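Colleague: could you look at this predicted model? Sequence included:
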Amino acid sequence: MSDKQKTYHLMILDRSSSMNSVRDVTISGLNEQLESIRKAATDFEDQEQVVCFVTFASDVDMDQIWDVGIDDIEDFTMRTYSPNGMTALYDAIGMGINKLRNQIADDLAERKANVVVTIFTDGQENQSQEFTTALEVRTLTEEIQETGQWTVAFIGAGGEDVFSVAQSMGVNRGNTMAYDLGPEGTTRAMTSMSNALYMRAQNYSKSISEGVTDMSVVNNEVDFFDNIDLDDDPPVID
């Protein structure tokens, strides 16, 4: 049995029809994030990097990649990411979190796992059937974040409204990013998110090297997008 700290990457991605216009750059950005996680797995051997991938349109798909080690995941292609439909955002968040939380309950109870939830969407909720209000999502995200083992980050298209939407779902401002619609904005947002994922792994590794076994100090006190600014060129991982 591995004694490494497990980091689960719960990646929740919009695949509604509106994402068709940025399909190419979204796929490229997804692969950039996978590469960032692969690099973290190589650079920080004290951690095990696991991916759970959720996409949402009119429905929610959690079957494509679930509980898979990063070394066993192939890059996304036009075949594996095909936007179509509406935006069941709340269902994707609620169903994805609940599925993973139930599955890794023992590791969470023993403080052997941390979860980084990244939510990426270019639109707002309009189709959910199980989680029908932002309050239901907020209740869930606040509950998991209070454990100190979960980080929830939200990346949305638009201006200041994005931060209001994120706040309504229990995501704090430091874990929220707004980006401009279109290929350039999407590319920059994806690159910034990739770098933020790597930086979170780096912060975990630093804590582990200092003898810390509970990563709540990182999850609660270090903003996910700390030092990431879309007004500047996104930082490049060496």
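Modeller: Cool, got the structure. These numbers were taken from a predicted model, which means no experiment stands behind them. Numbers count the residues shown, from 1 in each chain.
Colleague: is it correct that residue 193 is in contact with residue 155?
Modeller: Yes: the pair residue 193 and residue 155 qualifies as a contact (C-beta atoms under 8 Å) at a distance of 6.0 Å. Yep, even glycine has a C-beta here, placed from its N, CA and C like the rest.
Colleague: which neighbours do these two have in common?
Modeller: Residues touching both residue 193 and residue 155 by C-beta atoms under 8 Å, 6 or more residues apart in numbering: 118, 120, 177.
Colleague: which of the residues you listed fall in strands?
Modeller: Under the assignment DSSP state E, these contribute 118, 120, 177 to strands.
Colleague: quickly list what the first one is bridged to.
Modeller: Which is residue 118. residue 11, residue 153 (DSSP bridges).
Colleague: pull out the buried residues from the longest helix along the chain.
Modeller: Using DSSP state H to define each element, the chain has its longest helix at helix 183-209. Going by neighbour count (16 or more other C-beta atoms under 10 Å), the buried part of helix 183-209 is 185-201, 203-205, 207-208.
Colleague: same check on stretch 165-184?
Modeller: Of all the residues in stretch 165-184, those buried under the rule 16+ other C-beta under 10 Å are 165, 166, 169, 170, 171, 172, 175, 176, 177, 178, 179.
Colleague: just the angle for whichever strand or helix holds residue 54 relative to helix 183-209, thanks.
Modeller: Applying DSSP states H and E as the criterion places residue 54 in strand 47-56. Put simply, strand 47-56 runs at 150 degrees to helix 183-209, going by axes from the mean of the first three to the mean of the last three C-alpha atoms, to 10 degrees.
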